[in-house]
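Q: starting from these lines, generate the structure:
(one chain, ligands or ions: 1)
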Amino acid sequence: MKTYRITNLDTPVSRIALGCMRLGGSWGDVPVTADDRKRAVAAVAAALENGINFFDHADIYMRGKSEEVFAGALKELGVRRDQVVLQSKCGIRFAGSPSPESPGRYDFSYEHITASVEGILWRLDTEYLDILLLHRPDPLVEPDEVARAFDELYRAGKVRAFGVSNHTGPQIALLQASLDQTLVVNQVELSPLHSFLIDDGVLADQREAIYANASGTLDYCRLHGIRVQAWSPVAHGVLSNPPDDAPANVRTAATLVTQLAAENETTTDAIVLAWLLRHPAGIQPVIGTTNPLRIADSCLADDVVLSREEWYRLFIAARGGPLP
Ligand SMILES: NC(=O)c1ccc[n+]([C@@H]2O[C@H](COP(=O)([O-])OP(=O)(O)OC[C@H]3O[C@@H](n4cnc5c(N)ncnc54)[C@H](OP(=O)(O)O)[C@@H]3O)[C@@H](O)[C@H]2O)c1
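A: Model (predicted):
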């Protein structure tokens, strides 16, 4: 697997990352089963065998169980800490905590960030995180407070690099102005079926631009050396296995994906991921499958380079309309 560099990290990272949200059983209050643990070991083993060294987490995934079973899987597979790059996120709080009327919300307070990292390190059974991301923009963010939390975590050796998720360029700039640490990652939803950040640039000054409104986020990240990571990069597999009631654009794009997979002698998931890898921002797809065969199928994307024509055909088919 070819690699990318991420600012402030010594270890080169695989161009494709494994997202660990679906490890750990269920989102409910149900304990992890032996089967969940077995599935996690198989998924992590498949990722490592196919060249993935980068694993994405969040404190909330399956209410912490994803991080826990992942740590167990690394232990069972005998993986050393320095063989993997671990990223997690904080800043989202579930409804009902601390009081029953507390809503689901975002929290970038010093207390919440520092306490969340303690929990993450404990569940991942590690002394440090390679990267900590702030999960979703908090409208009540006080950048100086984030700066104090990041400083403390960095100085204590608990977090080596910092980033954000689902943030626009201006939101990153606002935070960065107060931070001593450079923000090195922005993780966003991006796939041929969810291409608003790319549409944003294409549609500027068009009537439809009002729907994109992504504030030049991709260009901002490129300009500032911020690694863009794509979550839900295969849009849950619907371009490989479209449901019977799929809208016309999904069916057309899925047919094209099948055709491109045959022409490039690869898999459909690999074509969808190759579409992201072809973008010059240097996008790192964070795949969410836990199926070892699909993990292997996805990693074939590393060998596929779509032509400009192929890239645009899929872009246009998936967005369901021609370019301006
Ligand atoms: N930052 C954020 O706000 C945010 C939000 C959501 C997710 N994430 C991160 O992004 C990662 C990936 O997200 P995701 O899981 O939504 O992404 P995804 O890779 O687009 O979707 C994975 C899902 O699609 C299914 N799938 C994949 N290929 C398929 C195919 N060919 N046919 C049928 N089904 C297929 C998988 O099922 P199988 O497991 O059965 O293969 C799995 O349920 C997460 O693990 C998490 O780390 C971040």
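Q: so what's the residue of the stretch 101-250 of the chain at minimum distance from the ligand up against?
A: Per Cβ to the nearest ligand atom, G237 is where the stretch 101-250 of the chain lies closest to the ligand, at 2.3 Å. Using the backbone N, CA and C atoms, a C-beta is placed for each residue, glycine as well. Shown in contact with G237 (Cβ atoms under 8 Å, 6 or more residues apart in numbering): 269, 289, 294.
Q: now, which of those lie close to the ligand?
A: The residues of the contacts of G237 that also fall near the ligand, by Cβ under 6 Å from any ligand atom, are 269, 289, 294.
Q: which one of these sits closest to the ligand?
A: Using Cβ to the nearest ligand atom, T289 comes nearest to the ligand of the ones next to the ligand among the contacts of G237, at 3.4 Å.
Q: touching, the closest one and A296? I think so.
A: No. Using Cβ atoms under 8 Å, T289 is not in contact with A296, being 10.0 Å away.
Q: those two - which one has more neighbours?
A: Set side by side, T289 and A296 show more neighbours around T289, with 21 against 17, by other Cβ atoms under 10 Å.
Q: skipping adjacent residues, who's closest to that one in space?
A: I295 (5.9 Å; Cβ to Cβ, 6 or more residues apart in numbering).
Q: before we move on, what about A248?
A: The shortest distance from A248 to any non-neighbouring residue, by Cβ to Cβ, 6+ apart, is to G320 (6.9 Å).
Q: can you pull the contacts of the one you found?
A: Applying Cβ under 8 Å, 6+ apart, the residues near G320 are 247-249, 252.
Q: ok, so what distance separates the residue of the stretch 101-250 of the chain closest to the ligand from T268?
A: For G237, the distance to T268 equals 9 Å [Cβ to Cβ, to the nearest Å].
Q: same check on D36?
A: Going from D36 to T268 by Cβ to Cβ gives 27 Å.
Q: re earlier: just the ones of the ones next to the ligand among the contacts of G237 in strands?
A: Among the ones next to the ligand among the contacts of G237, no residue falls in strands (DSSP state E).
Q: all strands of the stretch 51-200 of the chain, in order?
A: For the stretch 51-200 of the chain, the strands defined by DSSP state E, counting those that start in this stretch cover 54-56, 85-90, 92-93, 105-106, 129-134, 159-165, 183-189.
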